[in-house]
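*Asks:* What follows is a predicted structure for the sequence shown.
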Amino acid sequence: ETRALVVMQGGRVIAERYAPGYGPDTRLISWSMAKSVTATLVGLMVADGRLALDEPAPVPEWQTPRDGRAAITLRHLLHMSSGLDHTEMAEGEFEYSSATSNILADIMTRSLTESKDPEVRRDAMLEYARGRLFEPLGMTSAVPQFDRNGTMLGGSMIHATARDWAKFGEFLRNNGSVRSAQLLPTSWTRFMKAPSRNDNSYGAHIWLNRPRNDGRDQVLFPGKAPSDVFAALGHLGQFVIVSPQHRLTIVRLGNTPDDKLDPLDDQFAKLIGLFPRR
């Protein structure tokens, strides 16, 4: 059940289709594509000097004596290699976890306000996300959701139109720039798209088109498209796929069981192959 498809090539929409009942103005849920947005916001805060990638994560509850969590850094959290015990898709040292992304969202919020008031916390994070990311990219439809404590659900809950998800993919394809303005340091986008130590197919909250470690199930389509292809992926077949060599961004949003996605992956690989490489 594909609900929306947008293909951008060279910064221009060249194909767009919607299922009945859906259209260009329909906000659709991100599921775990939100993780890549969370990583981008973390990068903006690191660039702003609010957070540091390789210093202990500023979580007061982890700073008590003999608490092993005191050594966890933002890099560990972004790579899903913190060692925190939360099983969503456990695979050795790499443990994919939406809770980890929500911890990052809480860290960001604490850097913006000391208030514990949920409304103040929500408004602070929303203002930052809109002012530093969504509005500069023209993602005017983007609506993050928050829990009862005012923490953004950075692992899974952002709604936006397919066109606005394509703008996010284009932003990453252009290494953090939009309309010639460098909003995010290129060093951060390189970090996001570099393989992590514990999973060759995962960067900093983004999936990479590379073979996985130790024979794990493949996530994208290595061998069928260039290795520099990367993607924000979400439950039930939410995709923002970017091929830098083809200057291509593909957005597919819908409702497909995760164990039925292989045919979609094959079609994405074929679609990418239709375009010339730079």
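*Replies:* Thanks, I have it. Because the structure is predicted, anything quoted here is derived from the model rather than measured. Numbers count the residues shown, from 1 in each chain.

*Asks:* Would you map the helices across the stretch 101-250 of the chain?
*Replies:* Assigned by DSSP state H, counting those that start in this stretch, the stretch 101-250 of the chain shows helices spanning 118-129, 135-137, 162-173, 186-192.

*Asks:* how about those helices in a markdown table, adding mean pLDDT and distance to residue 38?
*Replies:* Heads up, the C-betas are built off the backbone N, CA and C, glycines and all. Converted to a markdown table, the helices of the stretch 101-250 of the chain look like this (pLDDT from 0 to 100; distance: least, Cβ to Cβ, whole Å):
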| stretch | mean pLDDT | distance to residue 38 |
| --- | --- | --- |
| helix 118-129 | 98 | 10 |
| helix 135-137 | 98 | 15 |
| helix 162-173 | 98 | 12 |
| helix 186-192 | 98 | 11 |
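
*Asks:* Quickly compare the ones you listed and say which is most buried.
*Replies:* Of those, the one with the most neighbours on average (mean count of other Cβ atoms under 10 Å) is helix 162-173, at a mean of 23.

*Asks:* where does the residue of the chain most remote from its centre fall, phi/psi-wise?
*Replies:* Relative to the centre of the chain, and counting by Cα atoms, centre = their mean, the farthest-placed residue is residue 65 at 33.6 Å. The phi/psi pair for residue 65 (degrees, to the nearest 10) reads phi -60, psi 140.

*Asks:* quick revisit: could you export the helices of the stretch 101-250 of the chain as JSON lines, including distance to residue 33?
*Replies:* As requested, the helices of the stretch 101-250 of the chain are exported to JSON lines (distance: least, Cβ to Cβ, whole Å):
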{"stretch": "helix 118-129", "distance to residue 33": "15"}
{"stretch": "helix 135-137", "distance to residue 33": "14"}
{"stretch": "helix 162-173", "distance to residue 33": "7"}
{"stretch": "helix 186-192", "distance to residue 33": "14"}
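
*Asks:* So which of those is nearest residue 225?
*Replies:* helix 162-173 (14.4 Å; Cβ to Cβ).

*Asks:* just checking, what packs against the closest one?
*Replies:* strand 2-9, strand 12-18, helix 33-47, helix 135-137, strand 177-178, strand 230-234, strand 238-243, strand 248-254 (3 or more Cβ pairs under 8 Å, 6 or more residues apart in numbering; DSSP states H and E).

*Asks:* circling back to that earlier point, what's the closest of the helices of the stretch 101-250 of the chain to residue 270?
*Replies:* Using Cβ to Cβ, the helices of the stretch 101-250 of the chain put helix 162-173 closest to residue 270, at 18.7 Å.

*Asks:* Give me the angle between that closest one and helix 33-47.
*Replies:* Angle, helix 162-173 to helix 33-47, by axes from the mean of the first three to the mean of the last three Cα atoms, to 10 degrees: 50 degrees.

*Asks:* what's the offset of helix 162-173 from the middle of its chain?
*Replies:* Relative to the chain's own centre, helix 162-173 is displaced by 11 Å; criterion: Cα atoms, centre = their mean, to the nearest Å.

*Asks:* do the same with stretch 190-201
*Replies:* Centroid separation for stretch 190-201 versus its chain: 13 Å, with Cα atoms, centre = their mean.
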